[in-house]
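Q: Give me the fold of what follows.
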Amino acid sequence: MSKKKRSRKLVSFISLAVLSGAIAIVVAMLGSKPLSVDADSLAIVELDDLARSVVATGIIEPISNKIEIRSKASGLVKEVHVDVGDQVKPGQVLVELDRDQLLAQLRESEANLQAAKADFHASEAALERAEILAEEFDVQLAESNHQRSIELYEQRLIAQSQFDSTLGRLEEARNRQRAAVASIGVSKAAIAQKQAQVAQCQAIFDRIEEELSYTAIRSPIRGVVLARDVEVGSAVSSILTMGAGATTVLTLGDMNDVYVKGEVSESDIGLVEVGLPARITVESYRDKVFSGTVYKISPLGREEENVTSFEVRVSVENPEGLLLANMSANAEIILEEHKQVLTIPEGAILYDEEKHPYVEVPDANLEAGRRRVDIQTDISTGTKAEVVDGLNQGDQVILQ
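A: Numbering: from 1, shown residues only. Down below sits the predicted model:
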């Protein structure tokens, strides 16, 4: 073999050895490189407000003064001055009933009242006349005249006829007096009867006048019209005669203060107490949170589809009038709240055999690329948990 061929073989062998060594080094390096953690699997420990809560789902209702307006008078609706959503104030006329029939009855009763008063005054005049006649003035005058006629007759200065005339006038005066005395009792009885008739006619007049005032149905509160149940021409029955069966004309409510009438499950109701704060949200204002307070918890549960729930009422101030009756609402009742605490996602927490919580954090110095950190937790919302020991703000944890 030539010297030139031996040199080429040597170079090829050396090159192959170097390449094999390089490949071995690369393989060794790849086998010892730590595993990396996907960025999507990392979460940052951050400060946040955290609250443990119970949610009551329900609707918005006026907290007080939700009133069904019924009429004290019967009749047909003549005018309706308000509609659903209108603001009303105390004394404002809401609905007017037809007044024609009552006005006719009022005029008739007024005429009867005046006639009764006239009869009463006539009876008073008759009594006064009888009392005058019952006095002894006429009798005394007749007796005096007759006494003079006796003297004159005994002196034979007057005729028998004149004497008899004075005697007759005396008897007439006495008879009139006796009749007047007797009629006084009758006149007094007539006055009492006429007085009763006047009172009866006055009562009828007052009643019709009052019924006439009832034809203007007024608002007893400041609020908003929640429902309107009548139209022009609708027949309305009186609550004075029909009671609870009377026609509902309108429904009013004071919407400045409202409440969420919600339901809380049997498993959570034991955690809810009167006075707990709440955050209320409604579908119409998704970015707005209203503040409220639990003010009533029903002692009686309601079972539906084998699930028992309890009614809870959460008062909500509504000065802007944004919350309307029957809006769907969620009241998050705050059982416990911690402000600006360290929080991590619940999905990052693991538990060992003794139920101690821990998390895994990325560590490039370890072959697995992660290490265990024991932590202590406090309240949890189901999605986030408070960390009271083991981590610092800005640390990264691995989601499991």
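
Q: can you pull the contacts of residue 109?
A: Going by Cβ atoms under 8 Å, 6 or more residues apart in numbering, residue 109 touches 201, 204-205, 208. Heads up, the C-betas are built off the backbone N, CA and C, glycines and all.

Q: Now it: which helix or strand?
A: Secondary structure assignment for residue 109, by DSSP states H and E: helix 100-134.

Q: List the buried residues for that helix?
A: 102, 105-106, 109-110, 112-113, 116-117, 119-120, 123-124, 126-127, 130, 133-134 (16 or more other Cβ atoms under 10 Å).

Q: cool, and stretch 342-351?
A: For stretch 342-351, the neighbour count (16+ other Cβ under 10 Å) marks 342-345, 348-349 as buried.

Q: Tell me the one of those residues nearest residue 392?
A: If you rank the buried residues of stretch 342-351 by distance to residue 392 using Cβ to Cβ, residue 342 comes first, at 7.6 Å.

Q: Enumerate every residue touching that closest one.
A: 45-47, 386-388, 391-393.

Q: Sketch out the low-pLDDT regions of the stretch 251-400 of the chain for me.
A: Within the stretch 251-400 of the chain, no stretch falls below the threshold (pLDDT under 70).

Q: which residue ranges form the strands in it?
A: Ranges of strands in the stretch 251-400 of the chain, per DSSP state E, counting those that start in this stretch, are 257-265, 277-282, 285-297, 302-304, 307-317, 328-345, 350-351, 357-362, 370-374, 376-380, 384-389, 396-398.

Q: ok, then the element right after the longest helix seen in the chain?
A: In the chain, taking DSSP state H as the definition, the longest helix is helix 160-214. Using DSSP H and E, the next helix or strand after helix 160-214 towards the C-terminus is strand 216-218.

Q: could you say what helices and strands the following helix or strand past that next one packs with?
A: Per DSSP H and E, strand 216-218 leads on to strand 223-228 as the next helix or strand towards the C-terminus. Where contact means 3 or more Cβ pairs under 8 Å, 6 or more residues apart in numbering; DSSP states H and E, strand 223-228 is packed against strand 87-88, strand 248-253.

Q: Indicate each strand paired with strand 223-228 and its parallel or antiparallel sense.
A: Looking at strand 223-228 with DSSP bridges, its partner strands are strand 87-88 (antiparallel), strand 248-253 (antiparallel).

Q: can I get those strands in TSV with distance to residue 60?
A: Compiled in TSV, these are given as follows (distance: least, Cβ to Cβ, whole Å):
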stretch	distance to residue 60
strand 87-88	17
strand 248-253	10
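
Q: Can you add mean neighbour count and give those strands back as a markdown table?
A: Below are the strands paired with strand 223-228 laid out as a markdown table (neighbours: other Cβ atoms under 10 Å):
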| stretch | mean neighbour count |
| --- | --- |
| strand 87-88 | 16 |
| strand 248-253 | 21 |
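
Q: right, and these - which one's nearest residue 36?
A: Between the strands paired with strand 223-228, strand 248-253 lies closest to residue 36; by Cβ to Cβ that is 62.1 Å.

Q: Just the CA trace of the closest one, in PDB.
A: The C-alpha trace of strand 248-253 is given here as PDB (Å, rounded to 0.1, in the frame of the first residue of the first chain):
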ATOM      1  CA  THR A 248    -107.200  45.700  42.000                       C
ATOM      2  CA  VAL A 249    -106.700  49.000  40.200                       C
ATOM      3  CA  LEU A 250    -103.000  49.600  40.400                       C
ATOM      4  CA  THR A 251    -100.000  48.200  42.300                       C
ATOM      5  CA  LEU A 252     -97.500  50.700  43.700                       C
ATOM      6  CA  GLY A 253     -94.100  50.200  45.400                       C
END
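
Q: quick one: contacts of it?
A: Against strand 248-253 from outside (Cβ under 8 Å, 6+ apart): 61-62, 65-71, 82, 88, 94-95, 217, 219-221, 223-230, 236, 325.
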